[in-house]
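Asks: The following block contains a protein sequence and its predicted model.
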Amino acid sequence: MTVKVQQKDFEASKEVAAMVDGCRNPGAIVTFTGLVRGHEERGKLEALELEHFPGMTEKQLEKVEGEARKRWDLQDCLIIHRHGPLKPKEQIVLVACISAHRSDAFEAASFLMDWLKTEAPFWKKEIYSDGTSWVEAKDADQEKAREWNK
Amino acid sequence: MTVKVQQKDFEASKEVAAMVDGCRNPGAIVTFTGLVRGHEERGKLEALELEHFPGMTEKQLEKVEGEARKRWDLQDCLIIHRHGPLKPKEQIVLVACISAHRSDAFEAASFLMDWLKTEAPFWKKEIYSDGTSWVEAKDADQEKAREWNK
Amino acid sequence: MNLLYFAWVRERIGKDQERVSPPDAVKTISDLGDWLCTRGENYVHALEDRKKIRVALNQVFVSWDQEVFKDDEVAFFPPVTGG
Amino acid sequence: MNLLYFAWVRERIGKDQERVSPPDAVKTISDLGDWLCTRGENYVHALEDRKKIRVALNQVFVSWDQEVFKDDEVAFFPPVTGG
């Protein structure tokens, strides 16, 4: 049950292997990895700058992770979120959930991503060759996050 | 868009890295890895023996993979399923889906696992110190697979 | 006709494969099952509860009322448990 | 009172942090926003559309009508876009 906020890259396979070692009866592992997209509506992206709120970010990630553990039967669970400047195809975020059966791991990972999108204080700024623009929050993400409370 | 049926183990990270290299604008990667559980209702498992129907298995995996590509916007998609004798915590199956946005990858991976459970001709035999037993198909898995056709 | 058996169907029948020449009266997979059951207790034990047996004709899932012909490959097996 | 600004709120105000001593009439975060807007065009530009600004009191999301006290830390920022 770990949360990491860091500038440096991560290796999903190493993180997951360490988690599996510590699990009593793992049967299902779901991972989500978010990458920087190189092409957005405005055009070809040069980089993405990820700003966050140190201190509050960690608290919020721990909150969503705790909520997932309450709702599903998880043997282990991990969130790693990077900040700083990132190039296209670089990794931004990793969520990994380990459970005995697949539905717990799938639902928890999906929930974690939806909540993280609306609860974790990160802001993305897109850097193009001809300027920059702040990514706007999507109503669809708010909607998805709310769905989990029905 | 690959399907592999093999006895040997796989490295999810290598498989995924090769997929990402070939994708134009990857943003979301969802992987599911199934492991042999070491503890089942009957007790401590010594091994799991996975039998399959060579020829038909590959056809069926290609069918479910094609169905996922039709339903969701995927940049790449992979299924690896092992057969033969496997020890607890060994990997059985890998499903990986790459898309621009997370919902396509999450839904496709979840769909692939649900259909694979009911459409791929594999049979699991549990080996215990005091005997063996064939794993019985679950009504819940049939139900989940049917849900996708609603 | 080539028959294939998997998992506990294979174990109960005692073989994984066999070539058979059923009589002309065998038109469907259901008829084929009935005919196999006349050949020994092992077939009865393996195939008696048809709700628990899936059939594939030439590597495609079909129902028991599917027609069969002499060059077909028919596989009998329990509900699948992969993944 | 310690104030923090992030993302385009930070860019528009022109600083990421400041210590302020608002008058006693400032009871809520909404009052605080009004008072900040009297201090310059940059605050107006950053904070005028409150539907687009989230606030956190001592690192917890709160609404604009939340009460504030002099030792509090208040953060102003756009809706989050992580993940």
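Replies: Received the coordinates, thanks.

Asks: Get me the contact residues on chain A for chain B.
Replies: Neighbours of chain B within chain A, by Cβ under 8 Å from any Cβ of the partner chain: A:11-13, A:16, A:20, A:24-39, A:89, A:100, A:102-103, A:105-106, A:109-110, A:113, A:144. Backbone N, C-alpha and C define where each C-beta goes, glycine included.

Asks: can I get the CA coordinates of the helix or strand harbouring residue C:11 in PDB?
Replies: Assigned by DSSP states H and E, residue C:11 belongs to helix C:7-13. Backbone C-alpha positions of helix C:7-13 (Å, rounded to 0.1, in the frame of the first residue of the first chain) are rendered in PDB as follows:
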ATOM      1  CA  ALA C   7      -9.700 -32.500 -19.700                       C
ATOM      2  CA  TRP C   8     -11.900 -34.900 -17.600                       C
ATOM      3  CA  VAL C   9     -13.800 -36.000 -20.800                       C
ATOM      4  CA  ARG C  10     -10.400 -37.300 -22.000                       C
ATOM      5  CA  GLU C  11      -9.700 -38.900 -18.600                       C
ATOM      6  CA  ARG C  12     -13.000 -40.700 -18.400                       C
ATOM      7  CA  ILE C  13     -13.000 -42.000 -22.000                       C
END
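
Asks: which residues sit against it?
Replies: Contact with helix C:7-13 is made by B:51, B:123, B:125, B:134, C:5, C:16, C:42-43, C:45-47, C:53, C:76-78, as judged by Cβ atoms under 8 Å, 6 or more residues apart in numbering or on different chains.

Asks: And the nearest residue to residue A:120 once chain neighbours are set aside, how far from chain B?
Replies: In this structure, residue A:120 finds its nearest non-sequential neighbour in residue D:82, 4.4 Å apart by Cβ to Cβ, 6 or more residues apart in numbering or on different chains. For residue D:82, the distance to chain B (Cβ to the nearest Cβ, to the nearest Å) stands at 12 Å.

Asks: what are the bridge partners for the residue nearest to the spatial centre of chain A, then?
Replies: What sits nearest the mean C-alpha location of chain A, by Cα atoms, centre = their mean, is residue A:93, with 4.2 Å. Residue A:93 forms beta bridges with residue A:34, residue A:81, as assigned by DSSP bridges.

Asks: What distance do you get for the residue of chain A positioned farthest from its centre to residue A:43?
Replies: For chain A, the largest distance from the centre (Cα atoms, centre = their mean) belongs to residue A:130, which lies 28.8 Å off. For residue A:130, the distance to residue A:43 equals 8 Å [Cβ to Cβ, to the nearest Å].

Asks: Could you check how far the top helix by length along chain C is from the centre of its chain?
Replies: Determined from DSSP state H, the single longest helix within chain C is helix C:29-37. Computed by Cα atoms, centre = their mean, to the nearest Å, the separation of helix C:29-37 from the middle of its chain amounts to 7 Å.

Asks: So for the helix or strand just after it, what gets flagged as buried?
Replies: Once the chain leaves helix C:29-37, the next helix or strand it forms, by DSSP H and E, is helix C:41-47. Buried residues in helix C:41-47, counted by 16 or more other Cβ atoms under 10 Å in any protein chain shown: C:43, C:45, C:46, C:47.

Asks: Mind listing residues that contact the helix or strand following helix C:41-47?
Replies: Sequence order places strand C:54-57 as the next helix or strand after helix C:41-47, per DSSP H and E. Here strand C:54-57 makes contact (Cβ under 8 Å, 6+ apart) with B:53, B:56, B:121, C:29, C:61-64, C:66, C:68, C:72-80.

Asks: switch the cut-off to 7 Å
Replies: B:56, C:29, C:61-62, C:64, C:66, C:68, C:72, C:74-77, C:79 (Cβ atoms under 7 Å, 6 or more residues apart in numbering or on different chains).

Asks: Close to chain B: what parts of chain C are there?
Replies: In this structure, chain C approaches chain B at residues C:6-8, C:56, C:59, C:75, C:77-83, judged by Cβ under 7 Å from any Cβ of the partner chain.

Asks: Packing partners of the longest helix belonging to chain A?
Replies: In chain A, taking DSSP H as the definition, the longest helix is helix A:102-119. Contact here means 3 or more Cβ pairs under 7 Å, 6 or more residues apart in numbering or on different chains; DSSP states H and E; on that basis helix A:102-119 packs against strand A:28-35, helix A:56-71, strand A:91-99, helix A:139-147, helix B:102-119.

Asks: still on that earlier bit, quick check: the gap between the residue farthest from the centre of chain A and chain B.
Replies: Note on residue A:130: its distance to chain B, by Cβ to the nearest Cβ, is 19 Å.

Asks: now the closest residue to chain D within chain A, nearest residue through space, not along the chain?
Replies: As assessed by Cβ to the nearest Cβ, chain D sits closest to residue A:122 within chain A, at 2.9 Å. Setting aside the residues directly before and after it, residue A:122 is nearest to residue D:82 in space (Cβ to Cβ, 6+ apart), at 2.9 Å.

Asks: And what about the one you found, helix, strand or coil?
Replies: Three-state call for residue D:82 (DSSP: H, G, I helix; E, B strand; the rest coil): coil.

Asks: Could you tell me how many residues sit around residue A:139?
Replies: Look at residue A:139: counted by other Cβ atoms under 10 Å in any protein chain shown, it has 9 neighbours.

Asks: From chain B, how far off is it?
Replies: Residue A:139 is 14 Å from chain B, by Cβ to the nearest Cβ.

Asks: ok so, going back, the contacts of strand C:54-57 in helices, which ones?
Replies: Of those, the ones assigned to helices by DSSP H are B:56, C:29.

Asks: any chance of the contacts of strand C:54-57 in CSV, plus pLDDT, neighbour count and distance to residue A:79?
Replies: Formatted as CSV, the contacts of strand C:54-57 follow (pLDDT from 0 to 100; neighbours: other Cβ atoms under 10 Å in any protein chain shown; distance: Cβ to Cβ, whole Å):
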residue, pLDDT, neighbour count, distance to residue A:79
B:56, 98, 21, 40
C:29, 98, 23, 52
C:61, 97, 16, 41
C:62, 98, 16, 47
C:64, 97, 14, 50
C:66, 98, 18, 50
C:68, 98, 21, 55
C:72, 98, 15, 53
C:74, 98, 21, 51
C:75, 98, 23, 45
C:76, 98, 24, 47
C:77, 98, 21, 42
C:79, 97, 19, 37
